[in-house]
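J.: Sequence below, structure please.
(one chain, ligands or ions: 1)
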Amino acid sequence: MNDVKLTVLGGEGTGKSALIVRFLTKRFIGEYASNFESIYNKHLCLEGKQLNLEIYDPCSQPQKAKFSLTSELHWADGFVIVYDISDRSSFAFAKALIYRIREPQTSHCKRAVESAVLLVGNKQDLCHVREVGWEEGHKLALDNRCQFCELSAAEQSLEVEMMFIRIIKDILTNFKLKEKRRYSGSKSMAKLINNVFGKRRKSV
Ligand SMILES: Nc1nc2c(ncn2[C@@H]2O[C@H](COP(=O)(O)OP(=O)(O)OP(=O)(O)O)[C@@H](O)[C@H]2O)c(=O)[nH]1
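T.: Purely as a prediction, here's the structure:
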């Protein structure tokens, strides 16, 4: 069984818990406790594979979330970064998070493959008070090799589910890519050893 670890990050009150709870229970509850962190577990079957999904919902500690993130970055296989389309400051926060994840020393420290990241503009039902355009979100995602979507945890159960499935599929693709690189890496090492020792043997 594959373990898939996903972290949901974003500014305070952007709807991180609402999205996770919507995905896990298909319900929108409205108010969520925000003073403690949680790891949710879900078993699912995707592309014929059994998966053990863990979703980390950190408690909102704005300063920590912005710049430290070290443990989250090492723990997670992928990230959902959430902003509220009716709150420009949450978009700036999401941008800082993406830059942090894509920093060269972060993305290459333990990873042969770049982390999967999906940027979500939540609260699309509040588009009458929108402060962040769809194009801005899309561009930020595109420039930083992330997936992007806008949705509403309050009103769109199916879209929320599709969003999570999309990031999980990206993570699975990364797993395959890593495996392939590891295999071709060990193959070329074997070839190298063979070349060196093979040649030596010949010259003796
Ligand atoms: N209108 C609207 N409100 C939403 C939506 N998603 C979440 N909310 C509301 O936004 C508020 C914050 O939602 P949470 O899910 O607690 O957000 P959070 O990011 O987990 O919050 P913290 O953990 O405190 O940072 C709550 O009042 C939710 O009901 C949405 O899609 N539309």
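
J.: The protein against the ligand: which residues are in contact?
T.: 10, 12-18, 30-32, 34, 60, 122-123, 125-126, 152-154 (C-beta under 6 Å from any ligand atom). For every residue, glycine as well, the C-beta is placed using N, CA and C.

J.: what about 8 Å?
T.: The interface of the chain toward the ligand, taken as C-beta under 8 Å from any ligand atom, is made up of 10-21, 28-32, 34, 57, 59-60, 82, 84, 122-126, 151-156.

J.: Would you show me how to pick out the buried ones of these in ChimeraX?
T.: Here is the ChimeraX command that selects the buried residues among the residues of the chain next to the ligand (16 or more other C-beta atoms under 10 Å):
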select :10,11,12,14,15,16,17,18,19,20,21,28,57,60,82,84,122,123,124,151,152,153,154,156
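
J.: which SS state does the most centrally placed residue in the chain fall under?
T.: Central residue of the chain (C-alpha atoms, centre = their mean): Phe79, 1.7 Å from the mean position. Under DSSP: H, G, I helix; E, B strand; the rest coil, the three-state class of Phe79 is strand.

J.: so when I look at Ile98, I'm seeing a strand, right?
T.: No. Using three-state DSSP, the secondary structure at Ile98 is helix, not a strand.

J.: how near is it to Leu44?
T.: The gap separating Ile98 from Leu44 is 26 Å, by C-beta to C-beta, to the nearest Å.

J.: Same question for Cys59.
T.: From Cys59 to Leu44 the distance is 25 Å (C-beta to C-beta).

J.: ok, now Leu9?
T.: 22 Å.

J.: of those two, who's got more company?
T.: Between Leu9 and Leu44, Leu9 has the larger neighbour count (other C-beta atoms under 10 Å), namely 25 against 13.

J.: Return the backbone torsion pair for the more buried one.
T.: In terms of degrees, to the nearest 10, the main-chain angles of Leu9 are phi -120, psi 160.

J.: okay, now Asn144: neighbour count?
T.: 17.

J.: contacting residues for it?
T.: Residues near Asn144 by C-beta atoms under 8 Å, 6 or more residues apart in numbering: Ile98, Tyr99, Arg102, Val117.

J.: and if you look at Leu126?
T.: Asp84, Ile85, Ser86, Ser152.

J.: Now do Asp84, the pLDDT please.
T.: Per-residue pLDDT puts Asp84 at 98.

J.: Ok, the one 3 residues further on next?
T.: Here the pLDDT value assigned to Asp87 is 98.

J.: same thing with the one 3 residues further on?
T.: Confidence per residue is given as pLDDT, and for Ser90 that number is 97.

J.: cool, and the one 10 residues further on?
T.: Predicted confidence (pLDDT) for Arg100: 92.

J.: what separates it from Phe164, distance-wise?
T.: For Arg100, the distance to Phe164 - C-beta to C-beta - is 22 Å.

J.: who has more neighbours, the two?
T.: Using other C-beta under 10 Å as the criterion, Arg100 and Phe164 rank with Phe164 on top: 23 against 18.

J.: Thought Leu24 was touching that one, still the case?
T.: No. In this structure, Phe164 is not within contact of Leu24 by C-beta atoms under 8 Å, at 9.2 Å.
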